[in-house]
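Asks: Pasting the sequence and the predicted model now:
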Amino acid sequence: MKHSEIKNRIIETASSLFYKNGYNSTGINEIISEAGIAKSTLYAHFRSKEDICIAFLHFKDTDFNKNMEEFTASKPKGKSQILAIFGFLELFYHTEDFNGCWSIKTVSEISGDNEKIRSAIQEQKNKFIQFISKLITNNLDHIKEGEINSLSRKIYLLYEGAVVESNLHQADWPIKEAKDLCSILLK
C-alpha cells in the first residue's frame, strides 16, 4: 500500500474514533488496531497523537467546507444562500452519525495551554466566519461594508449555538429557531 494511502487510512480511522468517542477517550492503540497497522507505521506518519488530531481537524474541515459551499451555491441567490447554512446543518443533524461539532468537542477536551490544537480550531472557525461574510457580500446589496463583519459573527454564533444545542437536546428545533433568528437579522 502506498505511503499516502496508509496516512489517509490512519486519518480516516482516527477521525471516526475521535468524532464518535472523543479525543481523550481514543487511544493510540485503538487507532492502530482499527486501522490495521503497526505502531511503527503510525509513528512513521505522525509524531504524536496531537499531530493526528491536527490531521483529523483538517480532514473534517476540508470535507465540511466543500459540502457547505456546494450546498449553499445550489440555492437561489439572496437570503436563501445565507439561510442555507442552517439547511445544511439540519441535513447534517439527521445523518446517522451526527455527534455535534468535532472542533467544539475537541477544544473542550484539550488543556488550556494546548495552543497547537486550539489555534487550528480557531483558524477553521475564522475561515467559517469569512465564508459567511462572503455569502453576505455576494447576496445582500443593502448591507453596508462596515456591517458585514458584525453580521457574519452574529450568524456564526447562531450556527454554532444551533450545533451545540441540537446535539445536547437530540432534536433539530435549535437549528430551526436559529434559522428563524437569522432570517430576522437579514431583514
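Replies: On my side now, so go ahead.
Asks: For this structure, which residues score under the pLDDT cut-off?
Replies: Filtered on pLDDT under 70, the chain yields the residue ranges 1.
Asks: So which residues of it form helices?
Replies: With helices called from DSSP state H, the chain shows them at 3-21, 28-35, 39-45, 49-73, 79-93, 102-109, 115-139, 145-169, 173-185.
Asks: Check which helices and strands the last one sits against.
Replies: Read that as helix 173-185. helix 79-93, helix 145-169 (3 or more CB pairs under 8 Å, 6 or more residues apart in numbering; DSSP states H and E). Backbone N, C-alpha and C define where each C-beta goes, glycine included.
Asks: Include distance to residue 49 and mean neighbour count when you put those helices into JSON lines, please.
Replies: Shown next, in JSON lines, are the helices and strands packed on helix 173-185 (distance: least, CB to CB, whole Å; neighbours: other CB atoms under 10 Å):
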{"stretch": "helix 79-93", "distance to residue 49": "26", "mean neighbour count": "19"}
{"stretch": "helix 145-169", "distance to residue 49": "24", "mean neighbour count": "16"}
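Asks: can I get those in CSV with distance to residue 56?
Replies: As requested, these are exported to CSV (distance: least, CB to CB, whole Å):
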stretch, distance to residue 56
helix 79-93, 17
helix 145-169, 17
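Asks: where's residue 4 relative to residue 146, distance?
Replies: Remark: distance between residue 4 and residue 146 (CB to CB, to the nearest Å) = 45 Å.
Asks: Output stretch 120-135 as CSV, restricted to C-alpha atoms.
Replies: Output of stretch 120-135 as CSV, limited to C-alpha atoms (Å, rounded to 0.1, in the frame of the first residue of the first chain):
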residue,chain,number,x,y,z
ALA,A,120,-6.0,25.0,14.4
ILE,A,121,-9.6,25.2,15.6
GLN,A,122,-9.6,29.0,15.8
GLU,A,123,-8.3,29.1,12.2
GLN,A,124,-11.1,26.8,11.0
LYS,A,125,-13.8,28.8,12.8
ASN,A,126,-12.4,32.1,11.5
LYS,A,127,-12.5,30.6,8.0
PHE,A,128,-16.1,29.8,8.5
ILE,A,129,-16.9,33.4,9.6
GLN,A,130,-15.1,34.5,6.4
PHE,A,131,-17.3,32.2,4.4
ILE,A,132,-20.4,33.7,5.9
SER,A,133,-19.0,37.2,5.1
LYS,A,134,-18.6,36.1,1.5
LEU,A,135,-22.2,34.8,1.4
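Asks: Fine, thanks again, bye for now.
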